[in-house]
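# from the sequence below, what's the structure:
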Amino acid sequence: MTDDRTTLRRELRARRRNLPAAARIGGAEALAAQLLALPFAPPSGYVAGYWAMDGEIALHAWQLRLPKDCVYCLPVLHADQSLRFAPWRPGDALVANRFGIPEPALADASLLRPEDMSLIVLPLVGFDGRGHRLGMGGGWYDRSLAFRQRRPAPPWLVGAGFELQRVERLDAADWDVALDAVCTEAGTVDCRSALYA
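Numbering: from 1, shown residues only. A predicted model of the protein is given here:
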């Protein structure tokens, strides 16, 4: 793999887009089981996912199996260049944000801050076994979750992707927020020991 992040993003995005439909569906089901089995999976509270786009592994199977006292939320782009989160159930109104990603149509006053979440499942383009995540490059999650560089969970931060998005090593920038775990259809990488070693 090349160290150039732009090239790496292009390669990994092409890999996940080229997965056949059966692998995507099966992957989403297997991912749900991995997420629900996390040792820190909350029994209640706000949990955030994402709307899968561009070949990202889907979270619908996980959302439908969450404990009844968990409230599923989707990210919303905020004017301060960070993310907020909004409760969402299938059938609730959605609007496309400036990147064309659906997000709940709620007023700012109804949005939740990242600190209000018990668990946040983040999309990723690539990841390594130390909890380093390669995102799309906009920095939305890193800006929004920068407080996690100074304090422990919650919220717990879990990357979700297909196993074919794993790379041997990603070099982290100072602003990168490390993950507590990464879940794929093949298993879970617990990154906490790498973070605090």
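
# touching, Ala58 and Ala23? I think so.
No: assessed by C-beta atoms under 8 Å, Ala58 is found out of contact with Ala23, at 11.7 Å. Where C-beta positions appear, they are placed from N, C-alpha and C, glycine not excepted.

# higher neighbour count, these two?
Legend: neighbour count by other C-beta atoms under 10 Å for Ala58 and Ala23, higher for Ala58 (21 against 14).

# and that one, which helix or strand is it part of?
Using DSSP states H and E, no element contains Ala58; it sits outside every helix and strand.

# which ones are touching it?
Contact partners of Ala58, counting by C-beta atoms under 8 Å, 6 or more residues apart in numbering, are 24, 28, 52.

# and for Pro154?
By C-beta under 8 Å, 6+ apart, the contact set of Pro154 is 42, 117-119.

# do Phe127 as well
Phe127 is in contact with 133-134, 159, 161, 165-167, 170, 179, 182, 189, counting by C-beta under 8 Å, 6+ apart.

# same list (those) but as a markdown table, adding distance to Asp69, secondary structure and pLDDT.
Formatted as a markdown table, the contacts of Phe127 follow (distance: C-beta to C-beta, whole Å; DSSP: H, G, I helix; E, B strand; the rest coil; pLDDT from 0 to 100):
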| residue | distance to Asp69 | secondary structure | pLDDT |
| --- | --- | --- | --- |
| Arg133 | 28 | strand | 84 |
| Leu134 | 33 | strand | 81 |
| Gly159 | 24 | strand | 94 |
| Gly161 | 27 | coil | 93 |
| Gln165 | 31 | helix | 91 |
| Arg166 | 33 | strand | 90 |
| Val167 | 36 | coil | 87 |
| Leu170 | 35 | coil | 81 |
| Leu179 | 24 | coil | 90 |
| Val182 | 25 | strand | 93 |
| Val189 | 27 | strand | 84 |
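
# by contact count, what packs against the top strand by length along the chain?
Looking across the chain with DSSP state E, the single longest strand is strand 69-77. Strand 69-77 sits against strand 44-48, strand 83-87, strand 102-104, with contacts defined as 3 or more C-beta pairs under 8 Å, 6 or more residues apart in numbering; DSSP states H and E.

# for the second one, C-alpha coordinates in PDB please.
This points to strand 83-87. The C-alpha trace of strand 83-87 is given here as PDB (Å, rounded to 0.1, in the frame of the first residue of the first chain):
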ATOM      1  CA  LEU A  83     -21.100  17.000  13.900                       C
ATOM      2  CA  ARG A  84     -24.300  16.900  16.000                       C
ATOM      3  CA  PHE A  85     -26.500  13.800  16.300                       C
ATOM      4  CA  ALA A  86     -30.300  13.400  15.900                       C
ATOM      5  CA  PRO A  87     -32.500  10.500  16.900                       C
END
